[in-house]
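Q: Have a look; sequence and predicted model below, questions after that.
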Amino acid sequence: MEIDKKIIKKLIETLEDLKKSLNDKNLLINETSEEEKIEELGTPIKSPIVGTAYLAPEPGAKKFVDVGKKIKKGDTLMIVEAMKTMNHIPSTSDGTIKKICVDDGQPVEFGQTIVIIE
C-alpha cells in the first residue's frame, strides 16, 4: 500500500509540473469550436442514439442520401444500429444535403452531428 501512495504522489507532482510548464508558454488557441463551424454551414442533424451508422439499407445498395440531394422532412437519412436494432434516422426539416459527417459503418455517439442540411 505504501508503494501505491508514493507512485500516486509522484504522478500528481509530475502533472502539476506539466501544468505549470504549459501555463508559461503562449499557446495559440482556436476560438471557434467544431460545433460552431458546423452550424455556420447549415442546420446540423444529430444522432439521437449511440450506435453504428449505415448510409444504405444493405451493403452494396444505393445510399439513402448524397451530398446535393434535396430531401423533405421525415425522409430517412441513414440507419443507426443499436443493440441489433436498425433505427431509421429521419430528417428534421426540408432542405439540401450539404455534408455527410459520418462514414458508412462508423460508430456514432449521442448528439454527434451526422448530416448538415442547408
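A: Here it is on my side, so go on.

Q: which residues sit against whatever helix or strand Lys9 lives in?
A: Per DSSP states H and E: Lys9 is located in helix 2-24. Helix 2-24 is contacted by no other residue when judged by C-beta atoms under 8 Å, 6 or more residues apart in numbering. For the C-beta atoms, the positions are set from N, CA and C on the backbone; glycine is no exception.

Q: what distance separates it from the centre of its chain?
A: Helix 2-24 has its C-alpha centroid displaced from the chain centroid by 32 Å (C-alpha atoms, centre = their mean, to the nearest Å).

Q: so where's this protein uncertain?
A: Along the chain, segments meeting pLDDT under 70 span 1-3, 23-40.

Q: can you give me the strands for it?
A: With DSSP state E as the criterion, the chain has strands at 43-46, 51-54, 70-71, 76-82, 85-90, 95-100, 107-108, 113-117.

Q: contacts for the fourth one?
A: This points to strand 76-82. Contacts of strand 76-82 (C-beta under 8 Å, 6+ apart): 45, 47-55, 57, 64-65, 71, 86-91, 102, 108, 114-115.

Q: Kindly report the same for the first one.
A: Counting contacts by C-beta under 8 Å, 6+ apart, the residues outside strand 43-46 that touch it are 35, 38, 77, 89, 91-93, 95, 111-118.

Q: quick one: strands adjacent to that strand?
A: The sheet places strand 43-46 alongside strand 113-117 (antiparallel), with pairing taken from DSSP bridges.
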